[in-house]
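J.: sequence and predicted model, in that order:
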Amino acid sequence: MSKRLRIAHWEIAVVVEAAVVALWIREPSMPLALGALAVSLVVAWAAARARSFGALASGAVAVAAAVAVLSTSLRSRNVEAHWADVREALIQTASERLSRTLASAVDLARDVAARGLAAEGSSRTEVVRNLQDLVGADAPEHGVVLFDEAGQPWAWAGRHRQTTRPVEAELSARITPFYVLLEASRQVGARTVVSHVVLAADSAVPDREGTVARRFLRETGSNLEFFAPGNAPPGTDVFDYCLPSCTVSRDGVPPDTLFSVLAVPPSQGAVKLRILATGGRWTAILTLVLLGLLALLGGSLGRWSGILGIVSVLVLTPTGERIGLGSLFSPAVYFVDMLGLMGASAGAVLLLAALLVIGLLQLGRRGVQHAPVRAVAALLLVAVSPYVMWSLAQGITPPATGVGVALWLSWQVTLTAAGAAIGLTAALLLGPGDDRRAGWAAVGAGLWVARSSTR
């Protein structure tokens, strides 16, 4: 084998490492995780012998990817084998976080009510503006209402899910079939202010991500279920929120329970899926970085191995979904049957077009001799290009929820790249290699075909 086509040992090891990790991304298992760790040690050994920057950087990334795979597999197996202990730890963590979360909600309701009472202005509009300054965007969903002497709403700010009325209690909870609201009231003379914080909303309620319960779910993975005083199920996991505390006073006065709340930990399957999703995301990123280093810093065969590896990983595994490009690699919004696996998503077609463009540019650098048969082939390609682009455009399937800017751009870029590949192919077929005007004309024709097909 000539020196030009030689591939280094560390490059071979990187390809094997990427293949094993890609199999793990597709179907996580402990044997594949151990295999990835073993191959990563081979990559590190080969990189240490090569002593080049590309080899050493690839060795470090390969070890990091293997560690991510192994740690994720161990955590997933721990959930399977010791679920009772994991669940107890989740409940303990959620309970500790719950007291702080509820205390923050109470402080927010009281603070907004106190400052709302002090809101002043020369006109109603100015008072409303001052009240709006009290409503923070980063806090849980809340609102405030200022009542006049007749008990009618006079000024308000924030979001109001339920009709707010004056209440006598300094702090109270309102539980309905759809909402759980924590309300704080302040009164000075004829002025009354009532603020509220939305603790929870029923699943039938739209746009409930700002409630305390949903924020708690995102932070801890545990859901919150609220109950009216005395209606909570029996159990040690139920937390009662009382004023001033949940202990009987020395005078024998029972505490005033506002509500009861139960922190419900996620299911075993949900915990395992979350671990695999987090570990899979980092593993996918490290795998693409590893192949990218090979494509940039490897030898001639190593660079092509890295490029083909990136295409294979993105097309054959859920790597695109793991790194947040789910719509780009989703067959639900784009699918072209005639291309097989390479037509299973817009991302696959885009990668195929990019691969063709790279190959054609490399071929163009070497020069292509002009021949009449190639000119005929170029003309035939230009003639059928509208049908090819039309067929590619037919793969677009707009989702029922609507088309966002990112999804629309993914379709446009994919079809434009396909048109560029067709144009470059025609440019090479037209030849000769030094006639740049013909090449740019062909590229422009391909881009115009792509643009016309997406109108």
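T.: Ah, there it is.
J.: distance of the spatially closest residue to Asp148 that is not a sequence neighbour relative to Thr164?
T.: The shortest distance from Asp148 to any residue other than its chain neighbours is 4.3 Å, reached at Trp154 (C-beta to C-beta, 6 or more residues apart in numbering). All C-beta atoms are positioned from the backbone trio N, CA, C, and that covers glycine. Trp154 sits 12 Å away from Thr164, taking C-beta to C-beta, to the nearest Å as the criterion.
J.: more neighbours: which of the two?
T.: Neighbour totals were compared for Trp154 and Thr164, and Thr164 leads with 20 against 16 (other C-beta atoms under 10 Å).
J.: could you tell me how many residues sit around the nearest residue to the more buried one once chain neighbours are set aside?
T.: Leaving aside its chain neighbours, Thr164 sits nearest to Val145 (4.5 Å; criterion: C-beta to C-beta, 6+ apart). Neighbour count of Val145, defined by other C-beta under 10 Å: 25.
J.: pull up the pairing partners for the helix or strand hosting Val145, direction included.
T.: Assigned by DSSP states H and E, Val145 belongs to strand 142-147. Strands that pair with strand 142-147, judged by DSSP bridges, come out as strand 153-158 (antiparallel), strand 191-201 (antiparallel).
J.: averaged pLDDT, it. What do you get?
T.: The predicted model assigns strand 142-147 a mean pLDDT of 90.
J.: what lies in contact with that strand?
T.: Contact with strand 142-147 is made by 108-109, 112-113, 116-117, 119, 127, 131, 134-135, 153-160, 164, 166, 191-198, as judged by C-beta atoms under 8 Å, 6 or more residues apart in numbering.
J.: one more: stretch 37-57?
T.: 8-10, 12-14, 16-17, 20, 58-60, 62-63, 65-67, 69-70, 293-294, 296-298.
J.: mind doing that once more with 7 Å?
T.: With C-beta atoms under 7 Å, 6 or more residues apart in numbering as the test, stretch 37-57 has contacts from 8-10, 13-14, 16-17, 20, 58-59, 62-63, 65-66, 70, 293, 297-298.
J.: same question, stretch 392-409
T.: 327, 332-336, 343, 349, 411, 415, 418, 453-454.
J.: TSV please, covering the residues you listed and showing pLDDT.
T.: Formatted as TSV, the contacts of stretch 392-409 follow (pLDDT from 0 to 100):
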residue	pLDDT
Ser327	84
Ala332	85
Val333	86
Tyr334	86
Phe335	88
Val336	86
Gly343	83
Val349	86
Trp411	85
Leu415	84
Ala418	83
Ser453	50
Thr454	48
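J.: helices - which of the residues you listed land there?
T.: Cross-referencing the contacts of stretch 392-409 against helices under DSSP state H gives 349, 411, 415, 418, 453.
J.: show me the helices in the stretch 101-250 of the chain, by range?
T.: 124-132, 212-220 (DSSP state H, counting those that start in this stretch).
J.: burial count for Leu199?
T.: Residues near Leu199, counting by other C-beta under 10 Å: 27.
J.: hang on, the earlier thing: of the contacts of strand 142-147, buried ones?
T.: Burial by neighbour count, 16 or more other C-beta atoms under 10 Å: within the contacts of strand 142-147 this picks out 108-109, 112-113, 116-117, 119, 127, 131, 134-135, 154-158, 160, 164, 191-198.
J.: show me what counts as buried in stretch 258-273.
T.: Residues 258-263, 265-266, 271-272 are the ones in stretch 258-273 that count as buried (16+ other C-beta under 10 Å).
J.: mind listing which of those are in helices?
T.: Residues of the buried residues of stretch 258-273 located in helices (DSSP H): 271-272.
J.: quick check: angle from the helix or strand containing Asp85 to strand 153-158?
T.: Assignment of secondary structure by DSSP H and E places Asp85 within helix 83-117. Helix 83-117 runs at 140 degrees relative to strand 153-158, counting by axes from the mean of the first three to the mean of the last three C-alpha atoms, to 10 degrees.
J.: tell me the mean pLDDT over helix 83-117?
T.: Averaged across helix 83-117, pLDDT comes to 88.
J.: mind checking how far that helix is from the chain centre?
T.: 26 Å (C-alpha atoms, centre = their mean, to the nearest Å).
J.: for Ala68, helix, strand, or coil?
T.: Counting by DSSP: H, G, I helix; E, B strand; the rest coil, the backbone at Ala68 sits in helix.
J.: for it, grab the count of nearby residues.
T.: The local packing of Ala68 (other C-beta under 10 Å) involves 24 other residues.
J.: what bits of this structure have low per-residue confidence?
T.: Within the chain, the stretches with pLDDT under 70 are 1-5, 122, 235-236, 244-255, 363-375, 429-455.
J.: please parse it into its domains.
T.: 85-267, 325-455 (automatic domain parsing).
J.: would you turn those domains into a markdown table with distance to Ala33?
T.: As requested, the domains of the chain are exported to a markdown table (distance: least, C-beta to C-beta, whole Å):
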| stretch | distance to Ala33 |
| --- | --- |
| domain 85-267 | 19 |
| domain 325-455 | 24 |
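J.: closest one to Leu32 among the ones you listed?
T.: With C-beta to C-beta, the closest approach to Leu32 among the domains of the chain belongs to domain 325-455: 21.5 Å.
J.: out of the domains of the chain, which comes closest to Ala284?
T.: Nearest of the domains of the chain to Ala284, taken as C-beta to C-beta: domain 325-455 at 9.9 Å.
J.: for Arg97, state which of the buried residues of stretch 258-273 is nearest.
T.: Arg97 lies nearest to Ala263 out of the buried residues of stretch 258-273, by C-beta to C-beta, at 8.4 Å.
J.: from Thr125, how far off is the residue nearest to Asp148?
T.: 12 Å.
J.: circling back to that earlier point, dump the contacts of stretch 392-409 into a markdown table; add distance to Arg281 and neighbour count as well.
T.: A markdown table is the format used below for the contacts of stretch 392-409 (distance: C-beta to C-beta, whole Å; neighbours: other C-beta atoms under 10 Å):
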| residue | distance to Arg281 | neighbour count |
| --- | --- | --- |
| Ser327 | 16 | 20 |
| Ala332 | 21 | 10 |
| Val333 | 21 | 20 |
| Tyr334 | 23 | 27 |
| Phe335 | 25 | 18 |
| Val336 | 28 | 20 |
| Gly343 | 26 | 19 |
| Val349 | 24 | 24 |
| Trp411 | 25 | 22 |
| Leu415 | 29 | 26 |
| Ala418 | 29 | 26 |
| Ser453 | 34 | 21 |
| Thr454 | 31 | 16 |
